[in-house]
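1. my questions concern the predicted model and sequence given below.
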Amino acid sequence: ETGVTQSPTHLIKTRGQQVTLRCSSQSGHNTVSWYQQALGQGPQFIFQYYREEENGRGNFPPRFSGLQFPNYSSELNVNALELDDSALYLCASSARQGARTGELFFGEGSRLTVL
Amino acid sequence: QKEVEQNSGPLSVPEGAIASLNCTYSDRGSQSFFWYRQYSGKSPELIMFIYSNGDKEDGRFTAQLNKASQYVSLLIRDSQPSDSATYLCAVFPGGNNRKLIWGLGTSLAVNP
């Protein structure tokens, strides 16, 4: 069984640039969620994708956007980067089965530093 | 605003003791409850989930749910230094809301 993989693991960008983060979901999982986690904070929900459509979004501005592909892999795009976007970005996959959708399997994360 | 609250800690226990981590939630209609462990610099890892009132045991871990009082707890028996981590409580509201609500986590330190 293949776990959740994310790339890149670390990256440094400057303010105003754009970034794309990638995620491959765990085998058999059709739902992907993205989270932002700042140092010392709990994960903050960005959005969730199911069958290539966004079906839930947290309190993030439109410059945070995403995609899910037919193979359930996903991308997170952030435009016009700000210093506060520096964080660990986590991708999590799950199988959409009622309340069990809270059972998330996380990738190792992409640590973004904005200078 | 649906909230999940945890004591940030740090909670410090000696090796071999029972560590008790608590979480309260505001949405009375919440359906399912999850405990994740996160080591420093790593991603969260699911360790327990519970849906029904009462206790659920898995090895050294016991999750306890009391829906009437709106709290969920995690007990770690025979605590080991390797249990030192941040423990995140997450609550699934259910219905069409697919967004897990997360606490900020409790930092646990198990001292040899």
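-> Now that the structure is in, tell me what you want to look at.

2. so what's B:Asp27 up against?
-> By Cβ atoms under 8 Å, 6 or more residues apart in numbering or on different chains, the contact list for B:Asp27 reads B:Lys2, B:Val91, B:Pro93, B:Ile101. All C-beta spots, glycine's among them, are computed from the backbone N, C-alpha and C.

3. correction: A:Gln36
-> A:Pro43, A:Gln44, A:Ile46, A:Phe60, A:Asp85, A:Ala87, A:Leu88, A:Tyr89, A:Leu90.

4. so which of these sit within strands?
-> A:Gln44, A:Ile46, A:Ala87, A:Leu88, A:Tyr89, A:Leu90 (DSSP state E).

5. okay, the fourth one and B:Gly94: tell me how far apart.
-> Applying Cβ to Cβ, to the nearest Å, one obtains 28 Å for the distance of A:Leu88 from B:Gly94.

6. for the fifth one, same thing?
-> As judged by Cβ to Cβ, A:Tyr89 and B:Gly94 stand 26 Å apart.

7. the second one now?
-> Plainly put, A:Ile46 is 21 Å away from B:Gly94 if you go by Cβ to Cβ.

8. how about the strands in chain A?
-> Secondary structure of chain A, counting by DSSP E: strands at A:5-7, A:10-13, A:19-24, A:31-37, A:44-50, A:53-57, A:64-68, A:74-78, A:87-94, A:105-106, A:110-114.

9. more crowded one of A:Ile46 and B:Gly94?
-> A:Ile46 (22 against 16; other Cβ atoms under 10 Å in any protein chain shown).

10. pLDDT score assigned to the more buried one?
-> Looking at A:Ile46, its pLDDT stands at 94.

11. one more: A:Ala99?
-> pLDDT recorded at A:Ala99 is 53.

12. so the helix or strand bottoming out on mean pLDDT in chain A versus strand A:31-37, what angle?
-> Lowest by mean pLDDT, DSSP states H and E among the helices and strands of chain A is strand A:53-57, with a mean of 88. Relative orientation of strand A:53-57 versus strand A:31-37 (axes from the mean of the first three to the mean of the last three Cα atoms, to 10 degrees): 40 degrees.
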